[in-house]
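> just the structure for this:
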Amino acid sequence: MNDEITINGDRFTLYLSEERIKIRVKELAARINAEYRGKVPIFIGILNGSFIFFADLIREITIDCEVDFLKLSSYGDAKITSGQVRLLKDLNCQVTGRDIIVVEDVVDSGLSIEFMKEIVMKENPASLRVVTLLLKKSVAKVEFPIDYVGFEIPPEFVIGYGLDYAQKVRNLKAIYRIAPKS
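Got it, this is the predicted structure:
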């Protein structure tokens, strides 16, 4: 695994290794399995960024569950959020009276997760919890708890493991952060 990569002239350094991510995903899944024993929650992945985390997490889930996806956009091809969230794909399942676990790749500004909450809560679920791989706590403006957090990170631009840079490098097995300009 490379400790450093360059994309579009920007240098990125290794931040979270593939092994460290795998361990944390298993820990998050173990908590969810214990807390939802005897229930059948619906896991809702937020596309596109969460798809790798979502797949790895679901493979560690041992309880009965269902899956669905929402597709939101707030970045486009930029490194920072546009401030506007758009719904690109709505839910296919009925969430009324169901336990919902939303799976997100990163909570940074909190705009996407707040937007998602409004969509899901209109359908009156029994419960709504959020699991995110990454939380940029110092900049997140979220009015409800993020129930399961993989890693709290500073407000830096990160890529890999589903997180893209202009729709590229989602396939990296580790997470990299942008290096300071020298």
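> what about the longest helix in the chain?
Taking DSSP state H as the criterion, the chain has its longest helix at helix 18-35.
> could you name the helices and strands sitting against that one?
Applying 3 or more Cβ pairs under 8 Å, 6 or more residues apart in numbering; DSSP states H and E, we find helix 18-35 packed against helix 51-60, strand 127-135, strand 148-152. In short, each C-beta sits where N, CA and C put it, glycine included.
> which residues are in contact with the nearest residue to residue 26 once chain neighbours are set aside?
With sequence-adjacent residues excluded and distances taken as Cβ to Cβ, 6 or more residues apart in numbering, residue 26 is closest to residue 60, at 5.5 Å. Counting by Cβ atoms under 8 Å, 6 or more residues apart in numbering, residue 60 touches 25, 26, 28, 29, 30, 33.
> now swap in residue 97 and tell me
The contact partners of residue 97, by Cβ under 8 Å, 6+ apart, come to 124, 125, 126.
> of the residues you listed, which is the most crowded?
Using other Cβ atoms under 10 Å as the neighbour test, the contacts of residue 97 are led by residue 125, with 19 neighbours.
> pretty sure that residue sits in a strand.
No. Counting by DSSP: H, G, I helix; E, B strand; the rest coil, residue 125 is not part of a strand but coil.
> how far away is it from residue 20?
32 Å (Cβ to Cβ, to the nearest Å).
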